[in-house]
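Asker: take a look and give me a structure for this.
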Amino acid sequence: MSEPVFGRLLTAMVTPMTEDLAVDLDRAAELAARLVDEQCCDALVINGTTGESPTTTDEEKADLVRATKEAVGDRAQIIAGVGTNVTSHTVELARQAEQAGADGLLVVAPYYSKPPQAGLLEHFTRAADATDLPVMIYDIPGRTGTAVETETLVRLADHPRIVAVKDAKGQVVESAKVMARTTLAYYSGDDAITPALLAVGGVGVVGTSTHFTGRRMKEVIEGYVEGRQDEALTIYREILPVLTGVFAAQGVVMVKAGLAHQGFPVGSVRLPLVPATDEQASTFAELLDRVDL
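Answerer: Residues are numbered from 1 along each chain as shown. As a prediction, the model looks like this:
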């Protein structure tokens with residue numbers, strides 16, 4: 001069985017912004033501590049898509065890693081998103097993240113370019129060769145346009161620092177095939193399919209709704225791992241409206257609206273994203289108030 005190398009419950013953290021949409025490092029530190037201490041996160045993914053990485057500068061990315069690592073100390077791991085569609089830039093960001101204190105790297109498949117599998121293999125290998133940090137591959141063809149195929153993942157598993165996959169491909173059988181042939185730790189990249197992935201050997205989740213559902217999702221994961229599936233399923237069904245409701249718009253948009261509703265505002269989003277509409281925000285707020293979190 002695969003080991004949960006980054007723990008079981010990870011949250012892809014939003015990036016707090018000031019009123020003028022500058023990165024708010026103080027609030028980022030507070031949010032990181034909140035997610036670890038109140039939502040039971042074992043690790044945080046910083047500078048991922050939910051962290052608005054397409055719109056933050058390299059300097060801001062490094063500052064965010066430093067600020068969040070200082071905030072959580074040894075209570076949780078900080079996984080830095082470093083993926084771009086330029087291999088040399090990804091390598092540069094990987095080295096920068098290591099210097100800033102990251103505990104691991106999240107590397108997404110190069111987007112837009114639609115490289116062949118040979119290109120994906122080389123891209124991920126070079127990223128993993130760039131530092132001494134463990135690497136989680138992010139497979140999300142709905143965003144990147146290219147899936148990391150089963151045989152490519154099996155080959156990448158031979159690299160000593162490629163240890164995990166954030167799986168948002170939605171093909172549980174293919175994921176099960178990779179898990180059967182490798183020791184890669186599989187984390188659900190889609191909150192709502194976490195139990196399905198756990199059932200075939202997954203180890204946890206990199207969540208978005210876990211800004212709110214972390215404590216309950218941890219119970220779901222531990223229930224499945226410890227053989228209490230009925231109990232875990234009951235909790236899962238209770239929180240399912242939030243697991244799906246957070247994606248009524250882009251995840252970061254709904255998370256920021258939800259945190260504001262809970263009295264923990266983290267600012268707005270940078271273009272081309274726009275804030276949640278009043279209807280979206282009120283609907284999600286009602287879910288957060290109604291569901292036992």
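Asker: contacts for the strand or helix carrying residue 223?
Answerer: Per DSSP states H and E, residue 223 falls inside helix 210-225. Contacts of helix 210-225 with the rest of the structure, by Cβ atoms under 8 Å, 6 or more residues apart in numbering, involve 8-11, 13-14, 35, 38-41, 191, 194-195, 198-199, 204-205, 207, 209, 229, 231-233, 235-236, 238-239, 242-243, 246, 255, 258-259, 262, 288, 292-293. Using the backbone N, CA and C atoms, a C-beta is placed for each residue, glycine as well.
Asker: likewise stretch 163-180?
Answerer: 2, 5-6, 106, 134-143, 147-148, 150, 153-154, 157, 183-190, 193, 196-197, 200-202, 206.
Asker: and it, C-alpha only, in PDB?
Answerer: Extracted as PDB, the C-alpha positions of stretch 163-180 are listed here (Å, rounded to 0.1, in the frame of the first residue of the first chain):
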ATOM      1  CA  VAL A 163       6.100  10.200  -4.800                       C
ATOM      2  CA  ALA A 164       2.500  11.300  -5.300                       C
ATOM      3  CA  VAL A 165      -0.300  12.300  -7.700                       C
ATOM      4  CA  LYS A 166      -3.000  14.800  -7.300                       C
ATOM      5  CA  ASP A 167      -5.600  13.100  -9.400                       C
ATOM      6  CA  ALA A 168      -8.300  15.200 -11.000                       C
ATOM      7  CA  LYS A 169      -8.600  13.100 -14.100                       C
ATOM      8  CA  GLY A 170     -11.900  11.500 -13.100                       C
ATOM      9  CA  GLN A 171     -10.900   8.000 -14.300                       C
ATOM     10  CA  VAL A 172     -10.800   6.000 -11.100                       C
ATOM     11  CA  VAL A 173     -10.100   2.700 -12.900                       C
ATOM     12  CA  GLU A 174      -7.000   4.100 -14.600                       C
ATOM     13  CA  SER A 175      -5.900   5.500 -11.300                       C
ATOM     14  CA  ALA A 176      -6.400   2.100  -9.700                       C
ATOM     15  CA  LYS A 177      -4.100   0.600 -12.400                       C
ATOM     16  CA  VAL A 178      -1.300   3.000 -11.600                       C
ATOM     17  CA  MET A 179      -1.700   2.300  -7.900                       C
ATOM     18  CA  ALA A 180      -1.600  -1.400  -8.500                       C
END
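Asker: mind listing what's buried along that stretch?
Answerer: Residues of stretch 163-180 classed as buried: 163-170, 172, 174-179 (neighbour count, 16 or more other Cβ atoms under 10 Å).
Asker: equivalent analysis for stretch 81-91, please.
Answerer: Buried residues in stretch 81-91, defined by neighbour count with 16+ other Cβ under 10 Å: 81, 82, 83, 84, 85, 87, 90, 91.
Asker: for the host helix or strand of residue 80, packing partners?
Answerer: Per DSSP H and E, residue 80 falls inside strand 77-81. Contact partners of strand 77-81 among helices and strands, from 3 or more Cβ pairs under 8 Å, 6 or more residues apart in numbering; DSSP states H and E: strand 43-46, helix 58-72, helix 87-100, strand 104-108.
Asker: perfect, I'm done here.
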